[in-house]
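[1] Predicted structure and sequence below. I'll ask about it afterward.
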Amino acid sequence: MKIIKRAMAVIAVLCCFAMAASPIAAAGSAQDLPSLKDLYRDHFLIGMAGGVNELSGDRLALVTRHFNAFTFENAMKPAYTQPAEGTFTLGEVNSIIAALKASGMNIVGHTLAWHEQSPAWLWSDAGLAKARLEAHIEGVLRGAGEDLLSIDVVNEAFKSSPGRGRWREEMHGQGWYSVLGADFVEIAFRKAGEVREAMGRPGLKLYYNDYNLNNRDKASRVYEMVTELRGKGVPIDGIGMQGHYSLDGVKPGDVARSLALFATIPGIEVSITELDIAVGSAKGADGLTAAEDWLQASLYARLFAVCKQYAKGPANPDPGKRIIARVTFWGLTDDTSWRGDRYPLLFDRERQPKGAFFAAADPEGTIQRMGCRADMTFTVLLALCGARGWIRENIPWAGDCLANAIERLICVIPLP
């Protein structure tokens, strides 16, 4: 009861502020949207991940209007490209490439060496593992690499939350590591570089890709790996920061700190490769409330403001921070997202723009319109949305009643 009274008191205080209307509501409509790829032409590429389902009708129109980079969400993972030894199945990959080339789309490969969604026979025999890794990389690159802008050579080699030991000691130990140790990273990149040279594709960028790189220790271990291997001549061209975030799980300042660290590696480029922001308090099929939409848009705006500070393109006035070559969303619309029940993307299930779209399109303007009280509102709304979800799940006998009461309280908070 004390908690509820305190929450009501906080809301009462917030309601006393004279705040402007939401910056999101009047920002635009589905029929009159700015093109994201045009807005960021001089900053970085704007990408999305998907498959053949994105190549027809309204979905294709949405892709080609707003995005100029396409990542294979699943079709290029080892389980699909070489399900049996020596049998490469690249038909879907190449059909997607052929369909998108005409529109000038940049194609990004994902991924060659990963411990997930890979057949176990690849590393089941320690004596054959190195040869099989190299054969897989060569087979996929020669079969589908001719038109790629970049490819994630190694994906997710480190623990979720590494410690502060040597980088070789902070890998998760699964898949290729279990038979080749940390050397599998060097083996993979050297082979990819060798095949790239043989194909006459010097512009094909070779990436290391991982999640949680907003974590200081994990970013530091990746930094150490990349700098050490590049110092030995291993061709690692880029670092992919995935970006599977949630409202209460990421601070834009932490992302900026990692970008600042990676910017100290001479000649490296960075891409935000799998961006989405899940709303943990969302109620399944009911969609986002106005407060949740505002929270998500606020975080997207602040993240994009950071990305623009590190954009590789000429719009960035600071040459020392020009490292982000691409920002890719992991999906197109909420209904097809792997986190669809948490509504993480810019477009809803009806392909309509959410507040997140307009925040990404104009991050500085969105932040300015939100005003000086935006951080406080974000904190309080996030706490209340989380409380509503917890109550509904953990107090069955009164969950709906209390949760609905909190939701009504949330709705009276004027969004800055």
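    Yep, that arrived. What you are looking at is a predicted structure, and each value in this text was computed from that prediction instead of being measured.
[2] Can you give me every residue that contacts residue 197?
    Not one residue lies near residue 197 by CB atoms under 8 Å, 6 or more residues apart in numbering. Yep, even glycine has a C-beta here, placed from its N, CA and C like the rest.
[3] pLDDT score for it?
    You'll see residue 197 listed with a pLDDT of 98.
[4] sec struct for it, please.
    Taken by DSSP: H, G, I helix; E, B strand; the rest coil, the conformation at residue 197 corresponds to helix.
[5] how much space between it and residue 239?
    21 Å (CB to CB, to the nearest Å).
[6] Quick check: closest non-adjacent residue to residue 122.
    Spatially, and ignoring its direct neighbours in sequence, residue 122 is nearest to residue 132 (5.3 Å; CB to CB, 6 or more residues apart in numbering).
[7] which residues touch that neighbour?
    Neighbours of residue 132 in contact, by CB under 8 Å, 6+ apart: 85, 121, 122, 123, 125.
[8] Report how many residues lie close to the first one.
    Translated: residue 85. 12 (other CB atoms under 10 Å).
[9] how long is stretch 124-135 end to end?
    End-to-end distance for stretch 124-135, by CA to CA, to the nearest Å: 15 Å.
[10] Ok, stretch 93-111 next?
    12 Å.
[11] Phi and psi next, for the closest residue to residue 195 other than its chain neighbours.
    Nearest residue to residue 195 in three dimensions, chain neighbours excluded: residue 141, at 4.6 Å (CB to CB, 6+ apart). As for residue 141, its main-chain torsions (degrees, to the nearest 10) stand at phi -70, psi -40.
[12] Which pLDDT value goes with residue 141?
    For residue 141, the predicted pLDDT is 98.
[13] same question, residue 413
    We have a pLDDT of 49 for residue 413.
[14] ditto for residue 249
    Note on residue 249: pLDDT of 84.
[15] just to revisit the earlier point, any idea how far residue 196 is from the residue nearest to residue 195?
    From residue 141 to residue 196 the distance is 7 Å (CB to CB).
[16] Repeat that for residue 42.
    Residue 42 is 28 Å from residue 196, by CB to CB.
[17] rewinding a little: the more surrounded of residue 141 and residue 196?
    residue 141 (25 against 21).
[18] if I look at residue 83, how far off is residue 120?
    Counting by CB to CB, the gap from residue 83 to residue 120 is 12 Å.
[19] Equivalent analysis for residue 145, please.
    25 Å.
[20] Comparing the two, which residue is more hemmed in?
    Set residue 145 next to residue 120 and count neighbours by other CB under 10 Å: residue 145 wins out with 24 against 8.
[21] Correct me if wrong: that one contacts residue 203.
    No - contact between residue 145 and residue 203 fails when scored by CB atoms under 8 Å: they sit 11.5 Å apart.
[22] any chance you could map the strands in the stretch 101-250 of the chain?
    Ranges of strands within the stretch 101-250 of the chain are 106-113, 148-155, 205-210, 238-241, 244-246, based on DSSP state E, counting those that start in this stretch.
[23] looking at this protein, which helix or strand does the model trust least?
    The weakest-scoring helix or strand in the chain, judged by mean pLDDT, DSSP states H and E, is helix 2-15 (a mean of 43).
[24] what packs against the helix or strand following that one?
    Per DSSP states H and E, the first helix or strand lying C-terminal to helix 2-15 is helix 36-39. Contact here means 3 or more CB pairs under 8 Å, 6 or more residues apart in numbering; DSSP states H and E; on that basis helix 36-39 packs against strand 45-50, helix 57-66, helix 355-361.
[25] just checking, what packs against the shortest one?
    Translated: strand 45-50. In terms of contacts (3+ CB pairs under 8 Å, 6+ apart), strand 45-50 is packed against helix 36-39, helix 57-66, strand 69-72, strand 106-113, strand 324-329.
[26] Could you list the buried residues of the longest one?
    Burial within helix 57-66, assessed by neighbour count using 16 or more other CB atoms under 10 Å, is assigned to 59, 60, 62, 63, 64, 66.
[27] do the same with stretch 227-247
    For stretch 227-247, the neighbour count (16+ other CB under 10 Å) marks 227, 229-230, 234-247 as buried.
[28] hey, C-alpha coordinates of that stretch in PDB?
    Output of stretch 227-247 as PDB, limited to C-alpha atoms (Å, rounded to 0.1, in the frame of the first residue of the first chain):
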ATOM      1  CA  THR A 227      43.800  -4.900 -32.000                       C
ATOM      2  CA  GLU A 228      46.000  -8.000 -31.300                       C
ATOM      3  CA  LEU A 229      44.900  -9.900 -34.400                       C
ATOM      4  CA  ARG A 230      45.100  -6.800 -36.700                       C
ATOM      5  CA  GLY A 231      48.600  -6.300 -35.400                       C
ATOM      6  CA  LYS A 232      49.400  -9.700 -36.700                       C
ATOM      7  CA  GLY A 233      48.000  -8.900 -40.100                       C
ATOM      8  CA  VAL A 234      44.600 -10.700 -39.600                       C
ATOM      9  CA  PRO A 235      42.100  -8.900 -41.900                       C
ATOM     10  CA  ILE A 236      39.400  -7.700 -39.500                       C
ATOM     11  CA  ASP A 237      37.800  -4.600 -41.100                       C
ATOM     12  CA  GLY A 238      34.800  -4.000 -38.800                       C
ATOM     13  CA  ILE A 239      33.100  -4.500 -35.500                       C
ATOM     14  CA  GLY A 240      29.400  -5.200 -35.400                       C
ATOM     15  CA  MET A 241      27.600  -4.000 -32.300                       C
ATOM     16  CA  GLN A 242      24.300  -5.900 -32.400                       C
ATOM     17  CA  GLY A 243      22.000  -3.700 -30.400                       C
ATOM     18  CA  HIS A 244      19.300  -6.100 -29.100                       C
ATOM     19  CA  TYR A 245      18.300  -3.700 -26.400                       C
ATOM     20  CA  SER A 246      15.400  -3.200 -23.900                       C
ATOM     21  CA  LEU A 247      14.000  -0.100 -22.300                       C
END
